[in-house]
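**Q** Just the structure for this:
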Amino acid sequence: MTFDEVRTAFPVLERFAYLNAGSLGPMSRATIDAMEERNRFDHEQGRSGKAWIDSMLALRVRVREKLAAAIGASPDRLALTSSTTDGCNIVLAGFGLRAADEVVTTDAEHPGLLLPLHVSGARVRVAEVTTRPSSEAASAILDQVTPRTRLIALSHVLWTTGQVMPVHELRRATGLPMLVDGAQSVGAIPVDVGELDFYTVSCQKWLCGPEPTGALYVREPEALRVALPTYFSQQKLERDGTFVPQDGAKRFDFGWLATPALAGLEAALDGAPAWRFDRARELARRCREALAAAGHELVADGDATLVPFVAPGDPAADAARLYDAGVIVRDLPGTGWLRASCGWWNNEEDIARLAGALRT
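**A** Have a look, this model is predicted:
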């Protein structure tokens, strides 16, 4: 697709400078059409019968394969979930942490990771990275690692500052298992899970799929206990609840995902252009430059696609005012910041509209 074709593919761009994929990405007409077509098919088939069930299972297979390809993984290592929070809960519930164990994280994590960490039973050690340059993140995190550390759990891209964390460097330096929250990375920047152990995916953000859809990569599925089983976890079930798990990461599939949502996600994955990462990075750079030139204070030296900056007034009120002006950004509660999410569908006019709306 050319960029002009991309712009016309997203209905929301006809009305708004949409800069909020960090919450929910825009959905294309192809995605919307695929959802409507699948919804019609389901109702015509009555959502039952062998033909319908076979089509549902085939759809899950295709989506699993395409999501796995998006992060450089094998499909048998990928579970289908409804969110990154699901993935964090699955891993931390099955990991077997105890009170004597420690987990290292950062001071800029989303509740979707922090809450499961809090109830895991382990002591959580927090590295301060928000106030430091990205180049110092690795050392700040490594300083929190002790002989009792059993897991490092953090985001690939911090949802507040937009900083990219050196996840592969940390894995190599420590040899410790890594749980990586990929909510702000997959679809926004190139991702290859490599030797990482656990990686969560949010499909309704930068992948522009419908909600709620997500995934979880597990490098060694047999080594993680199935602590939150669903119907899809088992291939054989006894009357007392004893079960034989599915092969690979399918044992962690987190319940039912509506077929229209899966169909829409498949269309979104198929429609992502090859040039998306370079385009999004360039737009984020231009957004930072435009905000700085207009006198707005940037929060961090992030080099991903999130651009947080200090709100000129009350952040929630500013976000509402910008929405009325046709610009959608997010306020980050408790920080005093606004956050622009620059995607490959955005253009220079969107950035100009943001800067102009902030002046009024």
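**Q** And the longest helix along the chain, what does it pack against?
**A** With secondary structure taken from DSSP state H, the chain has its longest helix at helix 50-70. Under the contact criterion of 3 or more Cβ pairs under 8 Å, 6 or more residues apart in numbering; DSSP states H and E, the helices and strands touching helix 50-70 comprise helix 29-45, strand 78-81, strand 214-218, helix 259-270. (C-beta placed from N, C-alpha, C; glycine too.)
**Q** at 10 Å what do you get?
**A** Of the remaining helices and strands, those touching helix 50-70 by 3 or more Cβ pairs under 10 Å, 6 or more residues apart in numbering; DSSP states H and E are helix 29-45, strand 78-81, strand 198-202, strand 214-218, helix 259-270.
**Q** so the last one versus helix 50-70, what angle?
**A** Right, helix 259-270. 40 degrees (axes from the mean of the first three to the mean of the last three Cα atoms, to 10 degrees).
**Q** average model confidence for helix 259-270?
**A** What helix 259-270 shows for mean pLDDT is 98.
**Q** Would you mark the buried spots in the helix or strand just after that helix?
**A** Toward the C-terminal end, the helix or strand that comes next after helix 259-270 (DSSP states H and E) is helix 276-293. Buried positions in helix 276-293, judged by neighbour count with 16 or more other Cβ atoms under 10 Å: 276-277, 279-281, 283-284, 286-288, 290-291.
**Q** Could you list every helix and strand in contact with helix 276-293?
**A** When contacts are defined as 3+ Cβ pairs under 10 Å, 6+ apart, helix 276-293 sits against helix 3-9, strand 306-310, strand 337-341, helix 348-359.
**Q** still on that earlier bit, out of the helices and strands packed on helix 50-70, which is closest to residue 252?
**A** With Cβ to Cβ, the closest approach to residue 252 among the helices and strands packed on helix 50-70 belongs to strand 78-81: 3.7 Å.
**Q** Quick one: mean pLDDT for that closest one?
**A** Along strand 78-81, the predicted confidence averages to a pLDDT of 98.
**Q** Give me the buried stretch members for that strand, please.
**A** Of the residues in strand 78-81, 78-81 count as buried by neighbour count, 16+ other Cβ under 10 Å.
**Q** other SSEs contacting that strand?
**A** Here strand 78-81 is seen to pack against helix 50-70, helix 84-95, strand 198-202, strand 214-218 when contacts are counted using 3+ Cβ pairs under 10 Å, 6+ apart.
**Q** try 7 Å this time
**A** For strand 78-81, the packing partners by 3 or more Cβ pairs under 7 Å, 6 or more residues apart in numbering; DSSP states H and E come out as helix 50-70, strand 214-218.
**Q** Contacts for the shortest one next, please.
**A** Under the criterion Cβ atoms under 7 Å, 6 or more residues apart in numbering, residues 67, 71, 73, 77-84, 86-87, 90, 193, 198-203, 224, 249, 252 lie in contact with strand 214-218.
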